Structure formats: structure tokens, C-alpha cells
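Peer 1: Any chance you could fold what I've pasted below:
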Amino acid sequence: MSIWARTQQLPQDKLKHVSNLYETSQIPIEVRHYFAEWIEEQPWGQIDENNPSQRDQIFAQQVVQKLIAELESRAVELPQQNEYFLLRIKFQDVAHQFRTHYAQNPMELVRIFKRNLAMEESLLRQHENPDASVRFSIFSVLH
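Peer 2: Model (predicted):
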């Protein structure tokens, strides 16, 4: 099961944390939801955002361009019915926002997605195995 599918099953307090995470990182939660598979398929771990090589920079640029293309493509593909009107506008606006903010600094978007995905995984681990997080907390305090 995908990270996002499992995240959606978290209790309300943890879901609120996830929602706040995306709000503060200026990545609309709709992007996380509708592009979950694409986001999780990206090899984020292969990019060293703290000490990026030229290859990392090129890869990050490609990821940003692909995400912008995905947003624009999905906006065009949405049915013309009224219930999709706002979503089409949202995807177009986000594509424009990403082009404006991250095309020149793609590593920032990589940092955001890596941080957000890591936080989701951390919340999932805490929820799915609460005893391990308690043991970890006690162990980290003792050592």
C-alpha cells in the first residue's frame, strides 16, 4: 500500500499534522493527493539536496519540469463538469507557482518533498507501531 493511502488512514490528529505540513510548505494537499503515485515513484533518495552535484541539480530540474507538465496535463484532462472546475484552476495555478518559484531553484522543491515524505513515514511508524516509538524515545533519552 502506498505511503499516501496509509497516511489517509491515520487518526484525525495526525491527519491535521499532515495537512499543516503541506500548508506550511506551500505544497497544496491536493497535489499530494492527486499525484501521490507520481510523487512516491520519484527517486528522491538519490538526490543530495545539501551538497548537490551537477547530476543532482539536473535531476532536480527534470523532476520540477515533469511535475509542472503533470499538473498542466492533468488540468487539461479533467472533465469539463462543474465539480472539476476548481481542481482544474488549482492545478493550473500550482503549475504556474512551481514554474515561478522552483524552476530556478529546483533543489528547494526536492527538500520540501523529501521532508514531507519523511514526516509522513514517521507519523505512520508512530501510529502503526506505537510501542517501538516509545522504546525508541526511552532509549534515546537513556543514551
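Peer 1: Let me know how buried residue 64 is, in neighbour terms.
Peer 2: Each residue near residue 64 was counted by other Cβ atoms under 10 Å, and the total is 22. For every residue, glycine as well, the C-beta is placed using N, CA and C.
Peer 1: ok, it touching residue 102?
Peer 2: Yes: the pair residue 64 / residue 102 is scored as a contact, 5.0 Å apart, by Cβ atoms under 8 Å.
Peer 1: anything in contact with each of these two?
Peer 2: Common contacts of residue 64 and residue 102 (Cβ atoms under 8 Å, 6 or more residues apart in numbering): residue 109.
Peer 1: how about the helix or strand hosting residue 94 as PDB, C-alpha atoms only?
Peer 2: Using DSSP states H and E, residue 94 sits in helix 85-102. Extracted C-alpha coordinates of helix 85-102, given in PDB (Å, rounded to 0.1, in the frame of the first residue of the first chain):
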ATOM      1  CA  PHE A  85     -13.700  23.400 -12.300                       C
ATOM      2  CA  LEU A  86     -11.900  24.400  -9.100                       C
ATOM      3  CA  LEU A  87      -9.500  21.500  -9.400                       C
ATOM      4  CA  ARG A  88      -8.500  22.500 -12.900                       C
ATOM      5  CA  ILE A  89      -7.800  26.000 -11.800                       C
ATOM      6  CA  LYS A  90      -5.900  24.700  -8.700                       C
ATOM      7  CA  PHE A  91      -3.600  22.500 -10.900                       C
ATOM      8  CA  GLN A  92      -3.000  25.400 -13.400                       C
ATOM      9  CA  ASP A  93      -2.200  27.800 -10.500                       C
ATOM     10  CA  VAL A  94       0.200  25.300  -8.900                       C
ATOM     11  CA  ALA A  95       1.900  24.700 -12.200                       C
ATOM     12  CA  HIS A  96       2.400  28.400 -12.500                       C
ATOM     13  CA  GLN A  97       3.600  28.700  -8.900                       C
ATOM     14  CA  PHE A  98       6.100  25.900  -9.300                       C
ATOM     15  CA  ARG A  99       7.400  27.400 -12.600                       C
ATOM     16  CA  THR A 100       7.800  30.800 -10.900                       C
ATOM     17  CA  HIS A 101       9.300  29.600  -7.600                       C
ATOM     18  CA  TYR A 102      11.100  26.300  -8.300                       C
END
